[in-house]
Every structure is written in structure tokens, then in C-alpha cells.
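**Student:** Coordinates only, no sequence provided:
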């Protein structure tokens, strides 16, 4: 419920009517007071930008003009709304944190978490339109926004690492190691953002192969560094976290190197390396809903982790090892999905619905073939892979990790198809609708987490991701079919 409230607020920001103080139409005092109330939220909650909200309401330029002209009929009701909003928001948050700390924390997470993945869609559209000047401006402004996101999220998440782990009932015997691990991961957020943005840009410019190659290299590097830091060097969980951050940084640097040295037509100048309210607004309008989708899915995993922790340290270790191997095998599926978003976006802009449909068919066939091959490979190597990750671990932990991979690998096809249809929906420009699929994932993981604790046990954890994927897939298939029928009508 609380996440739905957060989602509804984000959706509201994107559909509020535009206001223009310099035009003939006066937005009215009531509208400006309401806009001030919305902007006040950004002044209170960490990580939310006032500029972002004004850009999404198409009010940024008007507010700046009104301030420069000291246009009081516009500024006074807006200022009154901001002042009233600050008072109300702080009082509500104070009371909510006293009575419902966990739900309030999740609601704030739904606002402040984001992703730079959506920043690549305006780049792809400019590239398809052969507008080099516009493309370079989107590239520069997207990079600036990514730097800002990295700084904010690194500081906030690092400071809240311990309370977050307490919130999900991390077992006492695992708590010190968990805090050490998660803080290093949070400090590595800039590395994650670097890879996400640079790989998205390469996809947007038509290169879907090299980001996949670089990510695959980093996955194997991660496994190798895990072994090096944990076994010979004895660094424990800190070593595992450092290995993850280093591998992410390496893949991001590879993408950055390829972009500047191998991509043709990239030439930044003083004219296109300037902050632009219009370009930032477009990036925020597309990127924030996509980022919210990721945050909703992440909160679903957060809730499921709470259930895993309640099952004990053996279940935690087994699922963690199995999930790490699973992620390595599903990387190609995510790469196909990202390529779908770019492909669909370009062809949708060219009004080639036939090519969009053909791309969906080809993407589904490709994913199903890969999923079948991945299942065969895992069938034979899962025991060896688990041993490589866990080393000389408790047999119960090893058995649990093998069981996790056995169950989830059979259902890889659901995730593969979800990547096709969800990214198709985003490529068609329906980012807000794609967020709802993330809500389906959250419901699936929360339900399986509850069943795991109350009846199914560890098997409930094994099927949680496939159930979440399935719910999201049903919605995305329905929406894509509906959108394409409407366009053909």
C-alpha cells in the first residue's frame, strides 16, 4: 500500500498540467499552492531534487523567469504552498516515523531510489533522428545527472547501512559481516552507475555487443577475485565486496574506453557541454519512472531477504551463493532486453510497427533458445559452480544452493520473456506503465517470502523470483498487445 502511494505520487508528477506565467493563461493561485506543496516534499526528503519535480511539472523555466522578473502574482502563492508543504511534510514524517518506521522508510525509498538506465532513451531517439547536437547535449546532461545520483545515493545508503540490515532482521551472527559487506557495496555505487550509464549509451548508439562482452568479462573477473581475496588472502566478506566493486568498475571503464576511442561521430564542444533545463527535464521524465521500477523490484527483493533471514544463516548462505551464480547466467537475458528497448524506440519513432512486432518475435525466440542452453549447462555444472563459490562449506549450505539453482534454472524462460516485453513497453514510451510490472514483482516476492516463513520453507525462496517474474510478465504482455493494437487501429 505504501509503495503504491509512492508510485501514485510519481505518476501524478508526470501528468500535472503545465503552467506558464509569461503567457496569457494564468494557472491560478490554487494550482500554484498545490505545486508548492509538491515542491516542498523535495526540500524535506533526502535525494529528491526540487528542479526535477519542477521540470516534470513543466514549471522550471516559468519559475526561473518569475524569480528573475520578481513576478509576485506567481511567486507569492507558490511560496505559500512551499512553506505550508514543509510544515505539513515534516509533521507527517515525524509522526509516521514514530508509529510506522518500516513502512515510512519503504515509502521514502520509493521516492529517492532511481536508475540511470532510462537516460539512454533520449540519446537513442536523437541518434535515430540524426540530430548530433541534441544527442551530445543529452549525453552530457545525462552524465551530470549520474554524477549527482552517485553522490547522493552513496552518502545516504552508506550512512543507513546498519539500520537497513536491522530493519530486515539480519541474524545476529551475520550482522557484523553483513554491515561490512553492504557498506563496501554502497561505496561502490559510482562504479555501478558508471557501467549502467556507459553501457546504456552504447546500446542507444546501436552497439549491443560490447557492453555484453564487457559485462561477461567482469562476471568472470568477479568470480576470480572472489576466490583470490577469500581463499589465498583470507579477506572474508570484505574481499567478496571489494571483488564485486572492482569488477563493476572494470566493466564501466571498458565501456567508457570503447565509447571515447571506438564510437564514431562523438565530438564534445563547449556549445554542447552545457547544462540544459529542457534536456534534464526530458531525461528526468523518462529516467525517473524507470528508476522507480527498479526501486520497486529492489524493495521486493528487500522484503524477500527479510524472509530468508528469518529462515536462518544456512538459508542465507545457500540462497546468496545460488543467486550469485543465477545472476551470471541471466546477464545475457538482461542484455537482450536492453537492446530491445533501443530497437523498439528507434523503430517506434520511425512508425515501423511491423519491425517492432518482428523484433518481439525474434527476441522471444532468442531468449527461449538461450534459456534452454543455460538450463543444460547448469544441469551439469551447478555442483561444481557452487563448490567454486562456497569452497569447503557446510554440506547443508551447498545442498541448499544446488536446490536453488535446480528450481530456478527450469524457469529461466519466464525471466527471458519478461526482459523482452518489459523493455518493449519502455521502448514504446510507456515508462510509467512499466513501473507497474515492478509492483507485480514486489507482490510475488512478498507473497513467496510469507509462504516460505509460514509453510513452504526454503522451497518458497527458490520459487520467489520465478513467481515475481511471471506476474510482471503477464502485465507486460497485456500492455504491449494493447498498445500495438491501438497503433494499428
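**Tutor:** Arrived safely. Owing to the predicted nature of the structure, the values given are computational and were not obtained by experimental measurement.

**Student:** C-alpha only now, for contacts and for neighbours.
**Tutor:** Will do.

**Student:** what about residue 327, how many neighbours?
**Tutor:** For residue 327, the count of nearby residues is 13 (other C-alpha atoms under 10 Å).

**Student:** how about the helices in the stretch 201-350 of the chain?
**Tutor:** 209-230, 236-262, 277-310, 313-349 (DSSP state H, counting those that start in this stretch).

**Student:** how about stretch 204-217: buried residues?
**Tutor:** By 16 or more other C-alpha atoms under 10 Å, the buried positions in stretch 204-217 come out as 204-208, 211-216.

**Student:** Mean confidence (pLDDT) on that stretch, please.
**Tutor:** What stretch 204-217 shows for mean pLDDT is 76.

**Student:** now that stretch, how far from the centre of its chain.
**Tutor:** Here stretch 204-217 is found 18 Å from its chain centre; the criterion is C-alpha atoms, centre = their mean, to the nearest Å.

**Student:** Where does residue 173 sit: helix, strand or coil?
**Tutor:** coil (DSSP: H, G, I helix; E, B strand; the rest coil).

**Student:** Output the below-cut-off pLDDT ranges for the stretch 101-250 of the chain.
**Tutor:** Within the stretch 101-250 of the chain, the segments meeting pLDDT under 70 span 101-122, 124-129, 164-165, 167-171, 174, 208.

**Student:** what's the answer for the stretch 351-489 of the chain, then?
**Tutor:** Of all residues in the stretch 351-489 of the chain, those with pLDDT under 70 make up the ranges 431-432, 434-435, 489.

**Student:** rewinding a little: please identify the most buried of the helices of the stretch 201-350 of the chain.
**Tutor:** Most buried of these by mean neighbour count (mean count of other C-alpha atoms under 10 Å) is helix 277-310; its value is a mean of 23.

**Student:** ok, back up a step: out of the helices of the stretch 201-350 of the chain, flag the one nearest residue 31.
**Tutor:** helix 277-310 (20.3 Å; C-alpha to C-alpha).

**Student:** and the host helix or strand of residue 368 with helix 313-349, angle?
**Tutor:** Following DSSP states H and E, one finds residue 368 within helix 353-390. Counting by axes from the mean of the first three to the mean of the last three C-alpha atoms, to 10 degrees, helix 353-390 lies at 160 degrees to helix 313-349.

**Student:** what's the next helix or strand after helix 353-390 packed up against?
**Tutor:** Downstream of helix 353-390, the first helix or strand assigned by DSSP H and E is helix 395-410. If you count contacts as 3 or more C-alpha pairs under 8 Å, 6 or more residues apart in numbering; DSSP states H and E, helix 395-410 packs onto helix 313-349, helix 353-390, helix 458-488.

**Student:** Tell me the first helix or strand C-terminal of helix 395-410.
**Tutor:** Using DSSP H and E, the helix or strand that follows helix 395-410 in sequence is helix 412-427.

**Student:** Compute the inter-axis angle for whichever helix or strand comes after that next one and helix 412-427.
**Tutor:** Once the chain leaves helix 412-427, the next helix or strand it forms, by DSSP H and E, is helix 431-451. Between helix 431-451 and helix 412-427, the angle comes out at 150 degrees (the same axes, to 10 degrees).
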